[in-house]
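this one's sequence-less:
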């Protein structure tokens with residue numbers, strides 16, 4: 001019987017604990033069940049899923065547009081810091097807003113140095129590339145190197161070549 005995506009996500013969270021960037025991305029297009037998987041994992045380990053859009057927008061609302069740009073990393077770190085480990089993040093769309101001028105993957109990687117994180121990622125991981133949104137979409141991003149562990153909604157797990165090399169050397 002093949003492993004479920006739920007089980008793969010839990011296994012990758014365990015594996016990520018020993019890595020420099022302790023980040024696991026649950027990658028799939030919109031409406032493929034990422035939120036349900038995160039909720040199931042949260043129920044299994046006794047934690048909650050954080051709705052990043054809701055938490056971040058509430059904190060940014062009172063700031064000027066210029067201050068929003070400057071404060072996003074700090075506020076995002078505070079949101080994650082207050083959550084129990086592992087931190088399960090959903091609805092990251094706000095991090096991709098052009099007006100906020102952020103690099104969402106860099107934010108996630110930076111915060112994952114101190115916190116074990118699993119995050120839903122709307123897009124795809126194909127051929128060693130991590131993609132957010134569709135080409136032509138204003139929030140489209142493509143990353144040519146993949147540092148985090150990835151669990152695709154199709155059931156495949158992707159581990160970056162650098163991580164594999166590191167494990168082979170150990």
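It's in. This one's a predicted model, so the numbers in the text were calculated from it and none came from an experiment.

contacts and neighbour counts: CA atoms only from here.
Will do.

Which element, helix or strand, includes the most centrally placed residue in the chain?
The centroid of the chain falls nearest to residue 119 when counting by C-alpha atoms, centre = their mean (3.0 Å). Under the criterion of DSSP states H and E, residue 119 resides in strand 117-126.

what lines up beside that strand in the sheet?
When pairing is defined by DSSP bridges, strand 117-126 lines up against strand 23-28 (parallel), strand 87-90 (parallel), strand 129-132 (antiparallel).

and among those, the most buried is which?
A comparison of these by mean neighbour count, using mean count of other C-alpha atoms under 10 Å, puts strand 23-28 on top with a mean of 27.

Identify all contacting residues around the next helix or strand after that one.
Using DSSP H and E, the next helix or strand after strand 23-28 towards the C-terminus is helix 34-45. Taking contacts as C-alpha atoms under 8 Å, 6 or more residues apart in numbering, the residues outside helix 34-45 that touch it are 5-6, 9-10, 26-28, 48-49, 88, 90, 120, 153.

Nearest to residue 128, out of those residues: which one, please.
Comparing the contacts of helix 34-45 against residue 128 with C-alpha to C-alpha places residue 27 closest, at 13.1 Å.

where's that closest one relative to residue 123, distance?
6 Å (C-alpha to C-alpha, to the nearest Å).

With adjacent residues omitted, what lies nearest to the residue nearest to the centre of the chain?
Leaving aside its chain neighbours, residue 119 sits nearest to residue 89 (4.5 Å; criterion: C-alpha to C-alpha, 6 or more residues apart in numbering).
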